[in-house]
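*Asks:* Structure of the sequence below:
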Amino acid sequence: MSEFYRTQGILAAFSLLAAFLIIITYLMVKEVRRHPTNLVFWLSVSDFMFAFKFVLTSVLPGSSALQENHSICYFQAIFAQFFGLASVTWNGMISLNLLFNMKNPFLNTASYTKWYHLWTWGTSAATTIIMVVIGEQAFGKSGDGTCWVINDYRLLFFVPLVIYFAISLVTLILAISRSRSIQNQLNSPNGIRPSSMAPNIKTGLLHDKVAGGNQYQSLESQSDGREHVGRNVEDDKLYYKLMIRMGFYVALFLVLWSFPLAHRIAQFKGQKDSSDDESATPLQYLDIIGVSMQGFANACVWLTNPSFWRSFTSGVLPSPVNNMINNMRASTTSHHQLESESLSRSSSRRNSTGSSHGSARNSTQDLQRIDVIIRKYIISCIVSGISANVTQIIESGEEGRALTKSDFDDMKTLKQSQGESSTFTDYAPLVFMKLRTNAGIDNHSYLEALEPGNFIRNLKNQKFSDGRSGSFFVFSPNKKFIIKTLTIDEAMLLFQILPQLYEFFKENPHSLINRFLGLHSISVLHGETTYVAVMQNVINTTRKLHRKYDLKGSWINRKVGKAHEDDNSVQGMDLDLVQKLKLSPKSKAAFLEQIERDSLFFSGLNIMDYSLLLAVHVLEPGEIETFAPEELEERDLQMGPMNRLNDGGMMSSDKTEIYYTGIIDILQLWDSKKKRERFFKVYMLQKDKWGISAQEPDVYSERFISSMKRIVE
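*Replies:* Okay, the predicted model is just below:
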């Protein structure tokens, strides 16, 4: 079957070179070395190794006879099983990642990369080991003419393949649905407009306790003239193109691997393969096309990434070549297109100066990611809904009335239709308005900070939490407020404890607990319901932060170490804090008294695992002169929360530092999950039972209070 092998080798050579191109460009072009293109890189590594087997087989003399050599066949089968399964598994992971991004754009799928690696290489190694243990009956000359798993042991490869087929098919269907929805929106002569629709039951957080209490209204043009912002046309076009491009990755995987799958099914049914070129069946040739061309097909899609070409031509190619390409493009590109692209590049350069680690920058490269585009759309719906509901309460005159019990159960729902219908729900809006007033935040400044048009135009300061929760944060343009995603359990807990929280803040205006200013949810067609809270920014300052800590009072796994010591932007933990807070006797007493009140309040609610966020600014020589004289005096606590009296923080007793503090992460109950965590760490991992974070609320509170006493001088 020399012709058969030669055909297979030629096709595999295309894939080998194409996969090599992806690998090289990924390593050379810094801008593409990020999630999710890192998944395509590892897919290409697997494709390269898989294609190498076929190329090597085609160029070796007497390849057909070599398949009869036991040692060569054995090695070839191991090679094919490991890298072949790795290739289809990475395809499955790309599909799964795309599915996650479309369903929940606030999910930090980059944190899943280690699990993708563990699953891919683990399953590849496990099935290969099984094949080796079974021995000679598990491998031999396979359907593609080379040695691989044979007979019923083909299931070691094709069962995972069918599973990834199912995942990819679901992803492709959803991608097509989303793309058609966007395309219909782009073709609509009326563009994007809000409309009134029936309520969406997916947003019914605790709906059983407030049946009949919801209010539904249409989000039409707002009476104060503020702009309603949805996903703009340019984002829609980019999103549509990206959906098509990512969908092609999935579609090519389905099409190309359907040929080998069909061939193996035919073999299971008893069809015999021909051993000579002349009588080789069409399925045999389709088989080799499928297994040999995957890498080449992926490279074709890879090269359609416009940001790749911009980065490659500007950062890799020699200047003369780059200039020649730009001149050629200029001769065929309209002035308007060149101007738009120039603006896009300059915008990308400006945005690239933002935060790096853990950030979700709004740059051209980011806009190649589906989750970023969907996330922008959802955030626009959230701030538009907040703006509309606050305005509606003000205009209705309800703002000044006293709260009733039903206000704590109230939910107001807005229906928006912008190509993809969405449902925005505002929980206990009047209660949170009162909480904002008690915190000194008036409606005008709140609406101004969350004004939809300005908010969306300044979507730069976004990031995922450094903690295990992986929550997503986006800051308002003035940095005073944070919109943070919550889990359904966290949202339910906040809604349930709202009456106690409201009364506690009334009685404790100097509480260090970070203020919640709103609770909302948004549901988008084909997506999950996203719950968010609006909170005050604990560290609301433009001053440079020299140190930052998350303090729980525990000591097991509570040290960052060298990374924190070398880089002050890296947040430290309890054991990294070596310098005590320098507070006057009066401030120290007030601080520790409030810590105790706050902590005992949580204990009464069965809440634990909260922490004190501490940021330190060291005053530079002469900086103290920028403060007004009264700001340097020990401020009267009647002037506001004690932790925000001096430039949003607390001045040290020796006037050399400012401390920005607040108690955060307060929505964790002492539940069965935390009890299991404690049991596992204490009895399985043999950790210090007093030093781990998972403690009963009373014990946690006592330890937290003691720890805070130790850090104050």
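
*Asks:* going forward, measure contacts between C-alpha atoms and count neighbours the same way
*Replies:* OK.

*Asks:* Tell me the confidence at the residue nearest in space to the middle of the chain?
*Replies:* By C-alpha atoms, centre = their mean, the mean C-alpha position of the chain lies nearest to N108, the distance being 2.2 Å. N108 carries a pLDDT value of 80.

*Asks:* ok, L494 - contacts?
*Replies:* By C-alpha atoms under 8 Å, 6 or more residues apart in numbering, the contact list for L494 reads L667.

*Asks:* That one and N438, how far apart?
*Replies:* Distance, L494 to N438, using C-alpha to C-alpha, to the nearest Å: 18 Å.

*Asks:* Number of residues surrounding N643?
*Replies:* Using other C-alpha atoms under 10 Å, the number of residues around N643 comes to 22.

*Asks:* Now do the contacts for it.
*Replies:* 510, 512, 649-650, 659-662.

*Asks:* Okay, buried residues for stretch 482-494 please.
*Replies:* Buried residues in stretch 482-494, counted by 16 or more other C-alpha atoms under 10 Å: 482-486, 490-494.

*Asks:* Dump it to PDB, restricted to CA.
*Replies:* Below are the C-alpha coordinates for stretch 482-494, written out as PDB (Å, rounded to 0.1, in the frame of the first residue of the first chain):
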ATOM      1  CA  ILE A 482     -17.500  47.900  42.600                       C
ATOM      2  CA  ILE A 483     -19.800  45.500  40.800                       C
ATOM      3  CA  LYS A 484     -19.000  42.000  42.000                       C
ATOM      4  CA  THR A 485     -20.500  38.700  40.800                       C
ATOM      5  CA  LEU A 486     -22.000  36.500  43.400                       C
ATOM      6  CA  THR A 487     -23.000  32.800  43.400                       C
ATOM      7  CA  ILE A 488     -26.700  32.000  43.800                       C
ATOM      8  CA  ASP A 489     -26.000  30.900  47.400                       C
ATOM      9  CA  GLU A 490     -24.200  34.200  48.200                       C
ATOM     10  CA  ALA A 491     -27.100  36.200  46.700                       C
ATOM     11  CA  MET A 492     -29.700  34.200  48.600                       C
ATOM     12  CA  LEU A 493     -27.800  34.800  51.900                       C
ATOM     13  CA  LEU A 494     -27.400  38.500  51.300                       C
END
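
*Asks:* if you average pLDDT over it, what comes out?
*Replies:* For stretch 482-494, the mean per-residue pLDDT is 93.

*Asks:* switch to numbering from 33
*Replies:* Done: numbering now begins at 33, and the last item shifts to stretch 514-526.

*Asks:* Quick one: distance of that stretch to the chain centre.
*Replies:* Put simply, stretch 514-526 sits 16 Å off its chain's centre (C-alpha atoms, centre = their mean, to the nearest Å).

*Asks:* what mean pLDDT would you report for stretch 294-314?
*Replies:* Mean pLDDT, computed over stretch 294-314, is 70.

*Asks:* next one: stretch 417-434
*Replies:* The average pLDDT within stretch 417-434 is 89.

*Asks:* follow-up on the earlier one: in strands, which of the buried residues of stretch 514-526 appear?
*Replies:* 514-518 (DSSP state E).

*Asks:* Can you add distance to E745 and give the residues you listed back as a markdown table?
*Replies:* Shown next, in a markdown table, are these (distance: C-alpha to C-alpha, whole Å):
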| residue | distance to E745 |
| --- | --- |
| I514 | 31 |
| I515 | 34 |
| K516 | 33 |
| T517 | 36 |
| L518 | 36 |
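
*Asks:* Strands of the stretch 83-232 of the chain, start to end?
*Replies:* Taking DSSP state E, counting those that start in this stretch as the test, the strands found in the stretch 83-232 of the chain are 171-173, 179-181.

*Asks:* Of all those strands, which one is nearest I406?
*Replies:* strand 179-181 (42.4 Å; C-alpha to C-alpha).

*Asks:* which helices and strands sit right next to that closest one?
*Replies:* Counting contacts by 3 or more C-alpha pairs under 8 Å, 6 or more residues apart in numbering; DSSP states H and E, strand 179-181 is packed against helix 102-135, strand 171-173.

*Asks:* Comparing those, which yields the minimum mean pLDDT?
*Replies:* Mean pLDDT is lowest for strand 171-173 among the helices and strands packed on strand 179-181, at a mean of 77.

*Asks:* which residues are in contact with it?
*Replies:* Outside strand 171-173, the residues within contact range by C-alpha under 8 Å, 6+ apart are 99, 105-106, 109, 163, 178-182, 185.

*Asks:* which of these are buried?
*Replies:* 99, 105-106, 109, 163, 178-182, 185.

*Asks:* Please enumerate residues in contact with the helix or strand encompassing H649?
*Replies:* Element membership for H649, per DSSP states H and E: strand 643-650. Contact with strand 643-650 is made by 570-571, 575-585, 688-698, as judged by C-alpha under 8 Å, 6+ apart.
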